[in-house]
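Enquirer: Predicted model and sequence follow; I will ask about them next.
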Amino acid sequence: MTDTYMAADLPFSGSPVVPEMSDGNKKIQFQCKKGISCWNACCSNIDISLTPYDIVRLKQRLDLTSGELLKQYTVPYELEPGGIAGVKLRPVENGTACQFMKPEGCSVYEDRPTACRYYPVALLSMRKQDEYTDTSSYALVKEEHCLGHQEPRSLTIDEYRTEQGVAEYDELARGWRQLILKKKSSGPSIGKPTKRSLQLFFMVCYDPDRFREFVISEGFSELYDLPAEEMGKLLHSDTELMLFGFRFLKQVLFGENTIAMHAESTARRLELAKQKLKQLENEASEKRAAEADDMYDSEED
Ligand code: SF4
Ligand code: SF4
């Protein structure tokens with residue numbers, strides 16, 4: 001199965017995705033059903049990216065911590081060179097098949113990832129440079145081994161999405177998609193992300209149990225002013241924690257402040273930022289003075 005997950009810059013060249021974008025009203029001819037002769041062919045050669053909500057569903061399904069799930073069932077990859085990371089399903093040892101594939105089908109079917117639900121449709125999420133909201137369009141993936149395209153059933157992409165239950169998955173991954181698109185479209189203008197911000201993005205998006213520990217740490221509550229009721233929700237719901245995480249990343253990475261901070265910590269941070277700026281200015285002026293000295297010395301010679 002090919003990774004059908006969203007991208008603003010999906011490489012069509014050489015890809016099985018038909019490069020024709022459509023909206024949800026587009027009719028497709030497709031049906032996947034037990035007994036079809038290509039049964040499980042799509043899950044025998046996987047390239048499946050996971051959304052944060054996919055992680056939440058799978059960890060709950062398998063009763064694992066996010067750390068255990070990441071270790072056993074995923075591999076990290078770069079969503080952009082040197083930039084933010086994504087995670088994909090890890091295939092079986094020395095093979096290409098999905099670890100969840102069983103002769104009778106998907107063993108995590110009710111909690112299967114977004115890309116598996118969408119297949120053979122690809123969701124393409126795009127965002128204009130000056131807009132914050134993303135828009136979705138779709139393309140059809142036609143792989144030779146998939147005989148579902150020959151089945152005599154036609155339905156719209158929207159009907160297919162409803163049948164596959166993707167609306168909830170899309171809605172809950174929206175904040176994550178926006179973060180990625182915003183990061184990609186801001187490009188090098190905001191500079192190379194620091195190692196710490198990349199680690200933070202990874203923890204918040206893919207390792208919710210570690211993020212929860214971070215949220216209940218003393219350092220976090222010294223800085224952020226979360227009402228007890230909201231904190232309670234984050235402690236008990238992976239989904240609430242994930243949604244809070246997207247807000248947290250928007251605040252930390254892009255300065256979109258929606259989480260209240262304690263006044264004294266804000267003042268402290270401002271003071272530290274001022275000191276840092278002053279230090280940078282001093283270093284720059286010392287450098288300029290040294291360069292002027294060098295120039296003067298070489299003219300003397
Ligand atoms: S999670 Fe299920 S549907 Fe998705 S690739 Fe694995 S076996 Fe197939
Ligand atoms: S019809 Fe396509 S999606 Fe269904 S089992 Fe065959 S290859 Fe997989």
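Expert: Perfect, I can see it now. Residues are numbered from 1 along each chain as shown. Ligands and ions are numbered 1, 2, ... in the order given.
Enquirer: Angles on the backbone of the residue of the stretch 151-300 of the chain found nearest ligand 2, please.
Expert: For the stretch 151-300 of the chain and ligand 2, the shortest gap (CB to the nearest ligand atom) falls at residue 151, measuring 7.6 Å. Heads up, the C-betas are built off the backbone N, CA and C, glycines and all. Main-chain dihedrals, residue 151, degrees, to the nearest 10: phi -70, psi 140.
Enquirer: That one touches residue 37, doesn't it?
Expert: No: if you go by CB atoms under 8 Å, residue 151 and residue 37 don't touch, sitting 11.5 Å apart.
Enquirer: how long is stretch 142-154 end to end?
Expert: Stretch 142-154 has an end-to-end distance of 15 Å (criterion: CA to CA, to the nearest Å).
Enquirer: Need the residues that contact it.
Expert: Contacts with stretch 142-154, where a contact means CB atoms under 8 Å, 6 or more residues apart in numbering, come from 2, 16, 18, 27-33, 36-38, 41-42, 120.
Enquirer: Give me the more crowded residue out of residue 151 and residue 37.
Expert: Neighbours per residue (other CB atoms under 10 Å) separate residue 151 from residue 37, with residue 151 holding more: 13 against 6.
Enquirer: any idea how far that one lies from residue 120?
Expert: Counting by CB to CB, to the nearest Å, the gap from residue 151 to residue 120 is 12 Å.
Enquirer: Quick check: neighbours shared by these two?
Expert: Counting by CB under 8 Å, 6+ apart, the shared contacts of residue 151 and residue 120 are residue 30.
Enquirer: and residue 161, what is it in contact with?
Expert: Per CB under 8 Å, 6+ apart, neighbours of residue 161: 24, 118, 121, 167, 170.
Enquirer: Save these as JSON lines, and put in neighbour count too.
Expert: Listed next are the contacts of residue 161 as JSON lines, based on neighbours: other CB atoms under 10 Å:
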{"residue": "24", "neighbour count": "15"}
{"residue": "118", "neighbour count": "22"}
{"residue": "121", "neighbour count": "23"}
{"residue": "167", "neighbour count": "11"}
{"residue": "170", "neighbour count": "19"}
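Enquirer: wait, which of those residues is closest to ligand 1?
Expert: Each of those was scored against ligand 1 by CB to the nearest ligand atom, and residue 118 proved nearest at 10.6 Å.
Enquirer: Enumerate the residues of the stretch 51-200 of the chain near ligand 1.
Expert: Residues of the stretch 51-200 of the chain found near ligand 1 (CB under 6 Å from any ligand atom) are 98, 100, 101, 106, 108, 112, 113, 116.
Enquirer: now, the most widely separated pair of those residues?
Expert: The distance between the two most remote of these (CB to CB) is 12.9 Å, for 101 and 113.
Enquirer: The two: who's more crowded?
Expert: Each of residue 101 and residue 113 has its neighbours counted (other CB under 10 Å); residue 113 has more, 25 against 19.
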